[in-house]
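Visitor: need coordinates for the below:
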Amino acid sequence: MAKESQAAKAYQSIRASIFDGTLFQGYPITEVELSEKLGMSRTPVREALSRLRSQGLLLNIPRKGVIVQQFSKQEIDMAYEYLEAIEGKMAEWLARNVASLSFTGAWCCVAEMDAALETDDAEAWARADDALHDELRDLCKNRFLVEALKGMYGQIYYTRMLFTRILLDKKQSTDEHRHMLLLISQGEADKARQCTEAHLRRVREEVSRLP
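Guide: Residues are numbered from 1 along each chain as shown. Modelled structure (predicted):
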């Protein structure tokens, strides 16, 4: 358990450093450097790096080592286009299986997004947004949809954490998430899918305007 706790701590710390730009795109990663920085052995750091690689946040380059993944605007646009289809289908799945699911955690995330808006805390809003997507993904029992989403972690999460601090209309996004969750919880499968797709399409268009 202690080993798992250390690995989880290393994962959260390294992930946060990537999202806040401390470990910028193209930055070379070494187990030794991170172990010294985090004050722990290389084993949990190695496990954390493996997890981050599987999420697409790190890239292993033969004979050169590991670097923080670099994403072009075109790659990010394509990733959001892909996400539009997958998350839309997941929203439909959740709505069709609503009788066996509890959305208490998801509604709590929306409430946290509202609270973050009240205090104008972009960091807290981004974390709540992140948690909401994780919550809905964890409720989905279609493993193919879930695995498809996990494969997009790097591109989407990196963009989300940077973009939401700058340009995203967080009030509109919160309202859209609330409406999407309401449609899901009411079992409105087609409408939930359409609402999710429309939200991600709008976000993709906003991302495309990034410099």
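Visitor: all contacts plus neighbour counts: C-alpha atoms, from now on.
Guide: Will do.
Visitor: wait, a helix at residue 114?
Guide: Yes: Residue 114 sits within a helix when classified using DSSP: H, G, I helix; E, B strand; the rest coil.
Visitor: name the SS class of the residue sitting furthest away from the middle of the chain, please.
Guide: When distances to the mean C-alpha position of the chain are computed (Cα atoms, centre = their mean), the maximum falls on residue 63, with 29.8 Å. With three-state DSSP as the basis, residue 63 sits in coil.
Visitor: what pLDDT does it get?
Guide: Residue 63 is assigned 73 on the pLDDT scale.
Visitor: dihedrals phi and psi, it?
Guide: The main-chain torsion angles of residue 63 are listed as degrees, to the nearest 10 and equal phi 70, psi 0.
Visitor: that one and residue 77: what is the separation?
Guide: 30 Å (Cα to Cα, to the nearest Å).
Visitor: can I see the domain layout of this structure?
Guide: Here the domain assignment for the chain is 2-68, 73-207, based on automatic domain parsing.
Visitor: weakest of the ones you listed by average pLDDT?
Guide: Out of those, domain 2-68 stands lowest, with a mean of 82 (criterion: mean pLDDT).
Visitor: how near is residue 147 to residue 102?
Guide: Residue 147 is 21 Å from residue 102, where distance means Cα to Cα.
Visitor: where does residue 120 fall, phi/psi-wise?
Guide: Dihedral pair for residue 120: phi 60, psi 40, per degrees, to the nearest 10.
Visitor: that one: how many residues sit nearby?
Guide: As a burial measure, residue 120 scores 12 neighbours (other Cα atoms under 10 Å).
Visitor: residues contacting it?
Guide: Contact partners of residue 120, counting by Cα atoms under 8 Å, 6 or more residues apart in numbering, are absent.
Visitor: hang on, the earlier thing: looking at the domains of the chain, which is buried most?
Guide: Comparing the domains of the chain on average neighbours per residue, with mean count of other Cα atoms under 10 Å, the densest one is domain 73-207 at a mean of 18.
Visitor: residue ranges of the helices in this protein, please?
Guide: If you assign secondary structure with DSSP state H, the helices in the chain sit at 2-19, 31-38, 42-54, 73-96, 104-119, 122-139, 143-150, 153-163, 170-185, 189-207.
Visitor: alright, that wraps it up for me.
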